[in-house]
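> Any chance you can model this:
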Amino acid sequence: MSSHLLSIDSLSRDDIDHLMRVATRMEPIAQRRKITRVLEGAVLGNLFFEASTRTRVSFHAAFCRLGGSVCDTTGFTFSSMAKGESLYDTSRVMSGYCDAIVMRHPDQGSVAEFAAATKVPVINAGDGPGEHPSQALLDFYTIDKEFALQGKTLRDAHVLMTGDLKYGRTVHSLIKLLSLYAPMRITLVAPPGLEMPSHLIERVSRRGLTVDVRESLAGDFSDVDVVYTTRIQKERFTAEMSEGFNLSRDFTVDRAFMDSRCGSSTIIMHPLPRDSRPEANDLDVDLNGDPRLAIFRQTDNGIPVRMAIFATLLGVEALIDKDLHDVPWFVPERLGVDDATF
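Have a look, this model is predicted:
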């Protein structure tokens, strides 16, 4: 594994398998049963120049669970970039303060430019419509865990990706990652103008993925193992796209779609946030409480996976099992009132 995590392209299948094994070892800590302090004294710089709740707090919590401390900055307004500072200068300055840096930026390629100026490990938490490698890793970890509960394997799995496949960086990273585990089937369904970039389809097809592009969610999806849906990224639309865009209800994943067109064991995933407003036609809230809905198990899995990323990049993964203590505080058996066991 390289010194930074900027793209799924930097990871081999062996790297991913290693991170999955380390994440499994992090589960007792992430689930608040054990405590470790292997990163005590280390400082994380959490630089988010684009809106985030889950990813920012998840990285923050993961570093703290390993015993480290976190310095946060959010938005351009409160950074020196608002004064014209370059990514190069910001990178070099932050490298003097921090032992690892997580960065989100609205411009594709910006995090790689930032990382090129430092020897401190940098993790890409999203670069515009580019990639989101840690999200793909936690998505893969989730799929693997959910499959294990059903006695399934990844081989020949069928994954439906729907929603904004053009600007949705999570699906760009995930489809690259899944291509390392071919043979596998991927079905892509997107509203007009929001299709998966053709160069990604061509690339993963060469690696052995079977990719089927459809125009709608009509039809039979009973053999789909995973439905992965994404929010429409209107904030990335051009003015012309925004003016004429109207998302049809036909692209909504809701209980009616799942019950009539998918199987009883089909897993439902979403990188979140989902737009819960009725007119948004995003993943429907009528699926709340459905055991097939894995979105909150998915977000929970972000902690052990991101802990594994930090531990691996900073070289402390071998120390984890030697530095565990019991948690003394109260921890609820279930975290959400609607949590269901799959």
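
> What is the neighbour count of the closest residue to V122 other than its chain neighbours?
Of all residues not flanking V122 in the chain, A115 sits nearest, at 3.9 Å (C-beta to C-beta, 6 or more residues apart in numbering). Every C-beta, even on glycine, is put in place using the N, C-alpha and C of the backbone. A115: 23 surrounding residues under other C-beta atoms under 10 Å.

> Number the residues from 23 up from this point.
All right, first residue 23 from here; so that's A137.

> A137 contacts S32, doesn't it?
No: using C-beta atoms under 8 Å, A137 is not in contact with S32; the gap is 10.4 Å.

> which residues are common contacts for those two?
Common contacts of A137 and S32 (C-beta atoms under 8 Å, 6 or more residues apart in numbering): H26.

> Tell me how far F352 lies from D272.
Separation of F352 from D272 (C-beta to C-beta, to the nearest Å): 46 Å.

> same question but for H347, I mixed them up
Taken as C-beta to C-beta, the span from H347 to D272 is 53 Å.

> likewise D37?
In this structure, D37 and D272 are 39 Å apart, going by C-beta to C-beta.

> so the residue nearest to the spatial centre of the chain, which of the three states?
Residue closest to the average C-alpha location in the chain (C-alpha atoms, centre = their mean): Q157, at 1.5 Å. Following DSSP: H, G, I helix; E, B strand; the rest coil, the label given to Q157 is helix.

> got any ranges where the stretch 73-222 of the chain has weak pLDDT?
Scanning the stretch 73-222 of the chain with the threshold set as pLDDT under 70 gives 97-105.

> the more surrounded of D37 and D272?
More crowded of D37 and D272, by other C-beta under 10 Å: D37, with 17 against 13.

> Give the pairing partners of whichever strand or helix holds V92; include direction for each.
Using DSSP states H and E, V92 sits within strand 91-96. Note on strand 91-96: by DSSP bridges, its sheet partners are strand 65-70 (parallel).

> send the alpha carbons of the partner strand over as PDB?
Extracted C-alpha coordinates of strand 65-70, given in PDB (Å, rounded to 0.1, in the frame of the first residue of the first chain):
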ATOM      1  CA  VAL A  65      -2.500  14.500  15.400                       C
ATOM      2  CA  LEU A  66      -4.900  14.300  12.400                       C
ATOM      3  CA  GLY A  67      -5.600  17.300  10.300                       C
ATOM      4  CA  ASN A  68      -9.200  17.000   9.000                       C
ATOM      5  CA  LEU A  69      -9.500  19.500   6.100                       C
ATOM      6  CA  PHE A  70     -13.000  19.700   4.600                       C
END
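
> packing partners for the helix or strand just after it?
Downstream of strand 65-70, the next assigned helix or strand under DSSP H and E is helix 76-87. Packing partners of helix 76-87 (3 or more C-beta pairs under 8 Å, 6 or more residues apart in numbering; DSSP states H and E): helix 35-52, strand 65-70, strand 91-96, strand 122-127, strand 144-149, helix 155-172, helix 317-335.

> CA atoms only: put stretch 335-350 into CSV for me.
C-alpha atoms of stretch 335-350 as CSV (Å, rounded to 0.1, in the frame of the first residue of the first chain):
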residue,chain,number,x,y,z
LEU,A,335,-0.7,4.1,6.8
LEU,A,336,0.9,4.9,10.2
GLY,A,337,2.3,1.4,10.7
VAL,A,338,0.6,0.5,14.0
GLU,A,339,-1.7,-2.3,12.9
ALA,A,340,0.5,-5.0,14.5
LEU,A,341,0.2,-3.2,17.9
ILE,A,342,-3.6,-3.2,18.1
ASP,A,343,-4.1,-6.6,19.9
LYS,A,344,-1.3,-5.7,22.4
ASP,A,345,-3.0,-2.5,23.6
LEU,A,346,-6.6,-3.4,24.3
HIS,A,347,-8.6,-2.5,27.5
ASP,A,348,-12.2,-2.9,28.4
VAL,A,349,-14.6,0.0,28.0
PRO,A,350,-15.9,1.2,31.4
